[in-house]
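Novice: sequence below, structure please.
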Amino acid sequence: MNSTMTKPVAAGSNSMLAFDIERVREDFPILKQTVHGKPLVYFDSAASAQKPRQVIEAMTEAYETCYANVHRGAHYMSQKATDHFEEGRQKATRFLNAASPNEIVFTRGGTEAINLVASSFGRGFLKAGDEVIISYLEHHSNIVPWQILRDQMGLVLKAVPIAEDGSFRFDAYEEMVGPKTKLVAVTHISNSLGTIVPVEKVIALAHAHGAKVLLDGCQAVPHHKVDVQALDVDFYAFSSHKIYGPTGIGVLYGKEDLLNAMPPYQGGGEMIETVTIEKSTFQKTPHRFEAGTPAIVEAIGMGAAIDYIEDIGYEAIAAHEAGLLAYATEQLSQVEGLRIYGTAKEKASIISFTMDGVHAHDIGTIVDRTGVAIRTGHHCAQPVMDRFGVPATARASFGIYNTREEVDALVDALGKVREIFGL
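Specialist: Numbers count the residues shown, from 1 in each chain. I've put the predicted structure just below:
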């Protein structure tokens, strides 16, 4: 879209390891709000991140200047919309370092991307008795589709356990992988604990046994640069709304030859070559998996979000968030009766915790009255809760716009929790 739009400013260039947090915060209009008379502190980015004005403006501009349906129209507006829509695919290609835009399939989000693999690859290439390996760290989106497929096809579903610190038990994984393993589907970073899975080793071992690998990257791409070619991963899924983009769109990366060998996931317009009453033939990837009118403006918005992250630079983002995570861990550890779950050495910007004598939902309600937004519940990761014997945790997840002063506000709010419960 418009190249003259104001861009976020790192403290110098993309190679700098720091950025101007106040300039970044100015890009997010929602952060100027007050909640219950208090400045908004948003610690729920792992659920859905806020949107910078660069994304909002790109989407508004698309609606105001070039909106039309894509790919099918011969008129100027359709061609212009198609160009901008496909530019979003080009940006996603660059974002993941895919070999070709043909390897980037637009989906409704990470959940649909995983379901696409389960339905298309699973039904097309797996058979009764084949093994699929997941882990206890998974979001429900990377558990339920495989359970459905197991029950319908007679697959064997195995799950890698996690250690007391929340880390991925690679030793147990090594024992699980064998000649019947056909797919390994694991998270890159846990949405409930922040654990970073050693995906390079996971992929290499799976490939050594002839298995394909799907990574759920929804929590990884906001924090770390992902290079799918370097990883040699077969499938990679992520959602736009986790990377400061709009909801309703995500990406499935897949190796081109593999995607072209998979049957279509849905049928309808756009994904066909020819249709007669007797039979249909289908396009090659990515269009064979994109039936119907796509999320046109959302693809443009996701492209703007990718630009935004890359303009700041992952080095700067990682340095900022690592410092914030360390500070928050230190401060929360000093709150009496608070226990942090997930203390793996390799961890991203998520802290899940409980407080003695207080249900997680009560924690969330009380801190909300001070303007602090955190997540409470099982975080669509009930096996993790079962592993630690808790029904729910409170979760603070950090984004590029969060500050140490906001961490202090959370700690103060937790003091009010203790006061109210007489602890």
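
Novice: wait, a helix at Lys127?
Specialist: No. Counting by DSSP: H, G, I helix; E, B strand; the rest coil, Lys127 is not part of a helix but coil.

Novice: so who does it touch?
Specialist: 153-154 (Cβ atoms under 8 Å, 6 or more residues apart in numbering). For glycine as for every other residue, the C-beta is placed from the backbone atoms N, C-alpha and C.

Novice: quick one, phi psi at it?
Specialist: The phi and psi values for Lys127, taken as degrees, to the nearest 10, are phi -140, psi 170.

Novice: CA atoms only for the host helix or strand of Ala396, dumped as PDB, please.
Specialist: In this structure, Ala396 sits in strand 393-397 according to DSSP states H and E. This file holds the C-alpha atoms of strand 393-397, laid out as PDB (Å, rounded to 0.1, in the frame of the first residue of the first chain):
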ATOM      1  CA  THR A 393      -3.400 -20.300  35.700                       C
ATOM      2  CA  ALA A 394      -3.100 -16.600  35.300                       C
ATOM      3  CA  ARG A 395      -1.000 -15.700  32.300                       C
ATOM      4  CA  ALA A 396       0.800 -12.500  31.500                       C
ATOM      5  CA  SER A 397       2.100 -12.400  27.900                       C
END
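
Novice: where does the protein have low pLDDT?
Specialist: Scanning the chain for pLDDT under 70 picks out the ranges 1-18.

Novice: not counting sequence-adjacent ones, nearest residue to the most centrally placed residue in the chain?
Specialist: Of all residues in the chain, the one closest to the mean position by Cα atoms, centre = their mean is Cys218, 1.4 Å from it. Once flanking residues are discounted, Cys218 sits nearest to Gly110: 4.3 Å by Cβ to Cβ, 6 or more residues apart in numbering.

Novice: again, but for Leu259
Specialist: In this structure, Leu259 finds its nearest non-sequential neighbour in Thr285, 3.8 Å apart by Cβ to Cβ, 6+ apart.

Novice: over to Ser192?
Specialist: For Ser192, ignoring the flanking residues on the chain, the nearest one in space by Cβ to Cβ, 6+ apart is Ala381 at 3.9 Å.

Novice: how many residues are close by the one you found?
Specialist: For Ala381, the count of nearby residues is 25 (other Cβ atoms under 10 Å).

Novice: got the contact list for it?
Specialist: With contacts defined as Cβ under 8 Å, 6+ apart, Ala381 is in contact with 137-140, 190-192.

Novice: can you list those in TSV and add secondary structure?
Specialist: Output for those, formatted as TSV (three-state DSSP):
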residue	secondary structure
Leu137	coil
Glu138	coil
His139	coil
His140	helix
Ser190	coil
Asn191	coil
Ser192	coil
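
Novice: most surrounded residue in the residues you listed?
Specialist: Neighbour max across those (other Cβ under 10 Å) = Ser190, 33 neighbours.

Novice: what about the strands in the stretch 151-300 of the chain?
Specialist: Using DSSP state E, counting those that start in this stretch, the strands of the stretch 151-300 of the chain run over 156-160, 181-187, 212-216, 235-239, 250-254, 272-275, 280-282.
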